[in-house]
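Visitor: curious how this folds, go ahead:
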Amino acid sequence: MAKNKTKRPKSIAKGLEKAPVIFPSPAYPRVVQTAITCAENVTLLSMLHQVPIAPLVNQNPTTTQDGNYTLSFEKEKLLCSAFAFIASIRDDPSHIPAICIEQEPGGRGLRIMVAVNKGDASGTTQFLQDVVTGFGQIASLLRQVQTAPVRSDETRKDLLRVMVTMCSEKIQFRLRMKQKSRSGPKTQFKNTLIKFLDGLKTRYTHQSKGSNEELVSRAKDARDAITAWEGHQVATSLQHVVEQIHRLSQDPNLDDAIESVFDEPTTRKSALNIIRKMSRYKEIALQLYRAAKKQPSLRNIRIIPINLEPEAFARCCPPDLAPDVEQALHNRRLLPEHRNLQHICRLLETKSGPVAETAAQSAFENQTRKTLREGKIHAEIQLLYHYMSAPAELPPRVVCSSKDACYLCNAFITMHGAFYTPRCHGRLYPGWRLPSIQSSYNIQFNHLLESNLAESLHVLSTIRKRARYPLPAESTLPSIVPSRLGNYLWVPSWVILLRAYR
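Guide: Below you'll find the predicted structure:
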């Protein structure tokens, strides 16, 4: 796979010194020096940007080596995305899973590799085990696809039942039946449906009675299913909610009706987002069933949790470490004016005035220490490092998280070149870290971050203000094409998969 090479603007490259990166102190072991440099680079970037880039969709690699694999690259990407979606079993930002799929030689089977972001070797054990258990039940049902074709309807229902059961908590959060105070109160989806039905009565009287009645009927069935679940909270009731919302999503008049009924664009977008994500559970059940009928490897799936060696999670924060922002700027290959803290603080001016140098130093020191002491290794990075230490005959080509990749994960994956990740939401997390492993890639990534820092400072100096992107939606659906409503028109994932298998 071709690696992404970041080119500097000529105006930057010309003024840069030729000196290599200077590590914090030669007294520290090399792996510690590298970790400190990375934490400082990430902190410096986070002081310039919370969201360095706009959300993006990564282009497929030019070479996918399909000839060596039973599943094509496109099929692998779709399956990886499907498993990543259902791996999101709880609404917990501290437990974000990622998936990659290793194909066994000769099409004998698949290995679903699962990791969860964590800060220490013992973290996320129960969450990871719950995902592995649920995936194991799905794999067991897929084994029956060939041997029990007469039970096709039952198998599809059983697949959905397992998914709804393992994702029950997440589904309740999607419907806003459960909410967390961190996000503030949000309108429950049931109330959105009630407003939608009221709006249909007043705004759709001019349309044909038949089409209006069908849409009203489906919306009422979805509302009633939620009411029934509220009175009897069992898995079968929640499964019925998913099925009724999926049925509502299939109405050809839904998008136009939502656009007409709800005046606020955010309300339209939210309603469509909930409907699409809820419908995806049933679509994935159908997607996996149909894929298993055509591909024997899907009838022989093994689930493998990935836990890096404890050494990978070693903390690299010496007690005598005193991060200094001016020294950090001086040690990097930057233009002379960009090494001047006073100059940078003027560029970072807010409504309250320039950022104080003492405040910048304090923020830099505190965040660098916090990253070194508490930083987490994201799940995608754990999977990549697993294959760096244990190469496979047919290594995975795609890695998918339950959310889009963050800015730093996307940058590292692109730089490394072995994996492809579909999308990046663009946000930078200052608590992000790499494994504490002696690797040339860790050093190479520091050079990349330094290059990105130089370019960010160049842009900041040129336009005299920070480029500000809004906080992005971090979880998006993959099977979408442009549309006039909410920027996306939904194409069911099983339709995409069927096209891929033709």
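
Visitor: starting at the chain centroid, how far to the stretch of helix or strand V145 belongs to?
Guide: V145 is located in helix 144-147, with elements delineated by DSSP states H and E. Relative to its parent chain, helix 144-147 has a centroid offset of 32 Å by C-alpha atoms, centre = their mean, to the nearest Å.

Visitor: buried ones in that helix?
Guide: Across helix 144-147, burial judged by 16 or more other C-beta atoms under 10 Å covers Q144, V145. Quick note: C-beta positions are derived from backbone N, CA and C, even for glycine.

Visitor: now do it: everything it contacts.
Guide: Residues outside helix 144-147 that contact it (C-beta atoms under 8 Å, 6 or more residues apart in numbering) are R151, S152, T155, Y289, A292, K293, P296, L298, R299.

Visitor: can you check stretch 365-372 too?
Guide: So stretch 365-372 is contacted by 35-36, 39-40, 42-43, 46, 315-317, 321-325, 430-433 (C-beta under 8 Å, 6+ apart).

Visitor: hmm, 10 Å instead?
Guide: 24, 32, 35-36, 38-44, 46-47, 315-318, 321-325, 328, 429-433 (C-beta atoms under 10 Å, 6 or more residues apart in numbering).

Visitor: sort out for me which of those residues are in helices.
Guide: 32, 35-36, 38-44, 46-47, 325, 328 (DSSP state H).

Visitor: if we can go back for a sec, from the contacts of stretch 365-372, keep the buried residues only.
Guide: Looks like the contacts of stretch 365-372 have 24, 32, 35-36, 38-44, 46-47, 316-317, 321, 323-325, 328, 429-433 buried, using 16+ other C-beta under 10 Å.

Visitor: beyond the helix holding V145, next helix or strand please.
Guide: Assigned by DSSP H and E, the successor of helix 144-147 is helix 152-166.

Visitor: off-centre distance for that following helix?
Guide: For helix 152-166, the distance to the chain centre is 25 Å (C-alpha atoms, centre = their mean).

Visitor: repeat that for stretch 380-400.
Guide: For stretch 380-400, the distance to the chain centre is 17 Å (C-alpha atoms, centre = their mean).

Visitor: please apply the same query to stretch 325-335.
Guide: From the chain centre to the centre of stretch 325-335 is a distance of 32 Å (C-alpha atoms, centre = their mean).

Visitor: can you get me the start-to-end distance on it?
Guide: Start-to-end span of stretch 325-335 (C-alpha to C-alpha, to the nearest Å) is 16 Å.

Visitor: list the buried residues in that stretch.
Guide: Quick answer for stretch 325-335 (16+ other C-beta under 10 Å): V325, E326, A328, L329, N331, R332, R333, L334, L335.

Visitor: ditto for stretch 360-375
Guide: A360, Q361, A363, F364, E365, Q367, T368, R369, T371, L372, G375.

Visitor: ok, stretch 188-206 next?
Guide: Buried residues in stretch 188-206 (16+ other C-beta under 10 Å): Q188, F189, K190, T192, L193, F196, L197, G199, L200, Y204.

Visitor: next one: stretch 113-130
Guide: Buried, per 16+ other C-beta under 10 Å, within stretch 113-130: M113, V114, A115, V116, N117, K118, G119, G123, T124, F127, L128.

Visitor: could you give me the average pLDDT of it?
Guide: Averaging pLDDT along stretch 113-130 yields 92.

Visitor: that one: how far from the chain's middle?
Guide: 16 Å.

Visitor: and stretch 375-392, by the same measure?
Guide: That offset, for stretch 375-392, works out to 16 Å (C-alpha atoms, centre = their mean).

Visitor: same thing with stretch 160-168?
Guide: So, by C-alpha atoms, centre = their mean, the centroid of stretch 160-168 is 21 Å from its chain's centroid.

Visitor: what comes up buried for that stretch?
Guide: Here stretch 160-168 shows L160, R161, V162, M163, V164, T165, M166, C167, S168 as buried, counting by 16+ other C-beta under 10 Å.
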